[in-house]
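Enquirer: Pasting a predicted model and its sequence here:
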Amino acid sequence: MKTYDKGDVLPEDYKELLLNLMAFQADSEYAGAQRVAENHQYAPRPEEAYRLSKKVMEEMGHGYYVWNLMRDLGVDVDARIAELAAHPDNPDPKKVKVINGFRKENWSTFFHRWEDVALFSTVVTPAAVAFLGQYRECSYLPWARVNVRIHKEEYGHLAFGVWASKRCLEFGGDEARDYMESRIPVFMQMGLGFYGRPSAGQGKSEMFDKYFDYGIKVKKPEELQQEYLEILESRLTGELGFKVPEGVEADYDMRIGYEADEESAA
Amino acid sequence: MMGDFPNHLFEDNRKRLAEFGFRPLAAGDFPTDWAAMWEKLKADFACFRDGGPAYKALPADQRAAAQRYMERRLVADRRLIACERCHGEMLRQGMDNELVELYAAARESYEEAVEAFGAAREKLEALLDA
């Protein structure tokens, strides 16, 4: 795999594909911080509120780190931050690339109480851990290095989810456990759809092969899904005593595979 | 101060924290109204889910641990403001490496403070459960 470092001349089509994914990551990390901040309304106790606030600051930081690399590649990132800051509820898709799941109109439908916030970090975040983890080995080395740091912190968000879920069970007892059990499949649909459509067969992603050939994406959606399920099972079953539900279908419309504007080949 | 933010992000963040006693502290401020602070924080403890004693009614060792827990919270509050300021500067001045590094340092410092707040809560909880 050919790699590129800071200051190297990038082939035009490589640069275009790379910036597409970087823009989705950076813009969505910041939009994600805005969504997480909105979830403060559900924080039932002080430590929950403080830990959620810490998560907001981390997600914002992820956006800054990736935007800073895009700045080196000639992108006007200040315009992107300004757009998201000025229009948090409905940023212009021509100016920023926010994944469907982190748009307010979609995000807000998933959250009704604090248990949903805890479950998001427990059930969906393992997908982010797996998905973003692949960028640590991508062909654009500055981005790979930043994603080493981001990946480590995504693991921290997963730990937050497990911690918050345990507290929900501690304070809420059987009622909380029943509610959470009923909501796990909803969040799992989002987690399963995180990486985009399969790399082969009917409904395959048209764009995947290009990203894969350039080493911008280094794992196939099927591999990432397997990683996701392994992490999910260890947390959900091992640490919280829930079962991983069977027969849950991926929701690709909420996916955050950073290809939300592409057409499937179906 | 609440209306000074360049976007809603920090207002949402702060609104809920304020319900648990967060307030923007100026340099040199060191609140010591522990009893009032305790009333807003004691819901953090599972054993007090139906109320819980007033700060002054806690035995001395628990009261001392409760004060340390609240002091940790004050540290976190100060460091949160540093993160917000960096973000505001980034919007006003435009992004550069130095501001990103400043934000990273402020953010890490805030995260450490929140972790320490959590650890202090666990220490007090162990005393309450003993």
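Expert: Cool, the structure landed.
Enquirer: mind checking pLDDT for residue A:67?
Expert: With respect to pLDDT, residue A:67 has a value of 98.
Enquirer: Pull the contacting residues for it.
Expert: A:26, A:75, A:77, A:80, A:81, B:95 (CB atoms under 8 Å, 6 or more residues apart in numbering or on different chains). From N, CA and C alone the C-beta is placed, and that goes for glycine too.
Enquirer: Name the member of the residues you listed with the most neighbours.
Expert: residue A:26 (28 neighbours; other CB atoms under 10 Å in any protein chain shown).
Enquirer: and chain B, which of its residues are near chain A?
Expert: Contact residues (CB under 8 Å from any CB of the partner chain) of chain B with chain A: B:6-10, B:12-13, B:15-17, B:19-21, B:40-41, B:43-44, B:46, B:49, B:73, B:76, B:80, B:83, B:87, B:90-91, B:94-95, B:97, B:100, B:103-104, B:107, B:110-111, B:114, B:117-118, B:121.
Enquirer: Can you select the buried ones from those in ChimeraX?
Expert: Of the residues of chain B next to chain A, the buried ones can be selected in ChimeraX as follows, counting by 16 or more other CB atoms under 10 Å in any protein chain shown:
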select /B:6,7,9,10,12,13,15,16,17,20,21,40,41,43,44,73,76,80,83,87,90,91,95,100,103,107,110,111,114,117,118,121
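Enquirer: Helices - which of the residues of chain B next to chain A land there?
Expert: The helices, defined by DSSP state H, take in B:9-10, B:12-13, B:15-17, B:19, B:40-41, B:73, B:76, B:80, B:83, B:87, B:90-91, B:97, B:100, B:103-104, B:107, B:110-111, B:114, B:117-118, B:121 from the residues of chain B next to chain A.
Enquirer: hang on, the earlier thing: nearest to residue B:34, of the contacts of residue A:67?
Expert: residue A:81 (39.7 Å; CB to CB).
Enquirer: Where does the prediction get shaky in chain B?
Expert: Applying pLDDT under 70 to chain B flags residues B:1-7.
Enquirer: the helices in chain A, which residues?
Expert: A:12-38, A:46-72, A:77-86, A:104-107, A:114-119, A:125-133, A:141-192, A:208-213, A:221-233.
Enquirer: Dump those to TSV, plus distance to residue B:58.
Expert: Listed next are these as TSV, based on distance: least, CB to CB, whole Å:
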stretch	distance to residue B:58
helix A:12-38	33
helix A:46-72	17
helix A:77-86	43
helix A:104-107	41
helix A:114-119	27
helix A:125-133	37
helix A:141-192	21
helix A:208-213	58
helix A:221-233	41
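Enquirer: and chain A, which of its residues are near chain B?
Expert: A:33-34, A:37-38, A:40-41, A:43-47, A:49-51, A:53-54, A:56-58, A:60-61, A:64-65, A:67-68, A:71, A:77-78, A:81-82, A:84-86, A:88, A:170-171.
Enquirer: From those, list the buried ones, please.
Expert: Using 16+ other CB under 10 Å, the buried ones in the residues of chain A next to chain B are A:33-34, A:37-38, A:40, A:43-47, A:49-51, A:53-54, A:56-58, A:60-61, A:64-65, A:67-68, A:71, A:77-78, A:81-82, A:84-85, A:88, A:171.
Enquirer: where in the stretch 101-250 of chain A is pLDDT low?
Expert: Using pLDDT under 70, the stretch 101-250 of chain A drops low at A:203.
Enquirer: give me the residue from it nearest chain B.
Expert: residue A:170 (5.4 Å; CB to the nearest CB).
Enquirer: Can you tell me how far that residue is from residue B:121?
Expert: Using CB to CB, to the nearest Å, one obtains 13 Å as the distance from residue A:170 to residue B:121.
Enquirer: Quick check: nearest residue in space to residue A:64, chain neighbours excluded?
Expert: Nearest residue to residue A:64 in three dimensions, chain neighbours excluded: residue B:100, at 5.1 Å (CB to CB, 6 or more residues apart in numbering or on different chains).
Enquirer: Then residue B:12?
Expert: Per CB to CB, 6+ apart, closest to residue B:12 is residue A:37, 4.2 Å.
Enquirer: sorry, back to before: tell me which residues touch the residue of the stretch 101-250 of chain A closest to chain B, please.
Expert: By CB under 8 Å, 6+ apart, the contact list for residue A:170 reads residue B:46.
Enquirer: got it, and residue A:139?
Expert: A:1, A:2, A:3, A:4, A:214, A:215, A:216.
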